[in-house]
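> Structure for this input, please:
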Amino acid sequence: MYYNYDADGQRVQKTVSNGPTTIYIHDAFGELAAEYTSSAPAPPCTTCYLSYDHLGSVRLITDQNANVISRHDYLPFGEEIPNGSGERSGNGFGAASNVNQMFTGQERDGEMTPNVDFFNARYFMGVLGC
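Take a look at the predicted model:
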């Protein structure tokens, strides 16, 4: 995997070896405004709407018709609670959504094993709490 960063240290490009390239566009305040991926799988919705909790974590993704695409719950250090745990069954828990922003709105790098979140200055692994 190859990463490119701008002068402010924000990721602007990610290239997976023999895979897709993702371009990240940031607004004037440094917030992620858009991302474009070459040869990406078809998204589950034409327009996806993200609902966040008080920490900025993505909790609900809906389509343009208000249909639930996926739901996400997290443990205190950011590990995602899987479908089937407790009362979390069906209703989109843990469903694939092609949205990379997860715990506290940070980008989840699904290509890395185990999944880690990119927190600008470092990577964070919720399962280890570090």
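> okay, CA-based contacts and neighbour counts for the rest of this
OK.
> So what would you say the end-to-end distance of stretch 103-121 is?
Taking CA to CA, to the nearest Å, stretch 103-121 runs 16 Å from one end to the other.
> what does it contact?
Applying CA atoms under 8 Å, 6 or more residues apart in numbering, the contact partners of stretch 103-121 are 9-11, 55-58, 74, 78, 100-102, 123-126.
> again, only this time at 6 Å
Stretch 103-121 is contacted from outside by L55, G56, S57, G78, N100, Q101, Y123, F124, M125, using CA atoms under 6 Å, 6 or more residues apart in numbering.
> can you give me the offset of it from its chain's centre?
How far stretch 103-121 lies from its chain's middle: 7 Å, per CA atoms, centre = their mean, to the nearest Å.
> Can you name the residues that contact the residue nearest the centre of the chain?
Residue closest to the average C-alpha location in the chain (CA atoms, centre = their mean): N100, at 1.9 Å. Applying CA under 6 Å, 6+ apart, we find N100 in contact with E107, R108.
> Would you quantify the distance from it to N18?
The gap separating N100 from N18 is 20 Å, by CA to CA.
> rewinding a little: so what does the residue nearest to the centre of the chain look like in phi/psi?
phi -90, psi -20 (degrees, to the nearest 10).
> what's the answer for A33, then?
Dihedral angles (degrees, to the nearest 10) for A33: phi -100, psi -40.
> Give me the neighbour count for it.
Neighbourhood size, A33 [other CA atoms under 10 Å]: 11.
> Likewise for S85?
A count of nearby residues for S85, using other CA under 10 Å, gives 9.
> Then V16?
If you count neighbours by other CA under 10 Å, V16 ends up with 12.
> Excluding sequence neighbours, find me the nearest residue to it.
Closest residue to V16 apart from its sequence neighbours, by CA to CA, 6 or more residues apart in numbering: M1 at 4.5 Å.
> and the one you found, how many neighbours?
11.
> what's the distance between it and T22?
With distances taken as CA to CA, M1 is found 11 Å from T22.
> returning to what we had before: what score does the residue nearest to V16 have for pLDDT?
pLDDT, M1: 76.
> Would you confirm that it contacts G19?
No - M1 is not in contact with G19 according to CA atoms under 6 Å; the separation is 9.1 Å.
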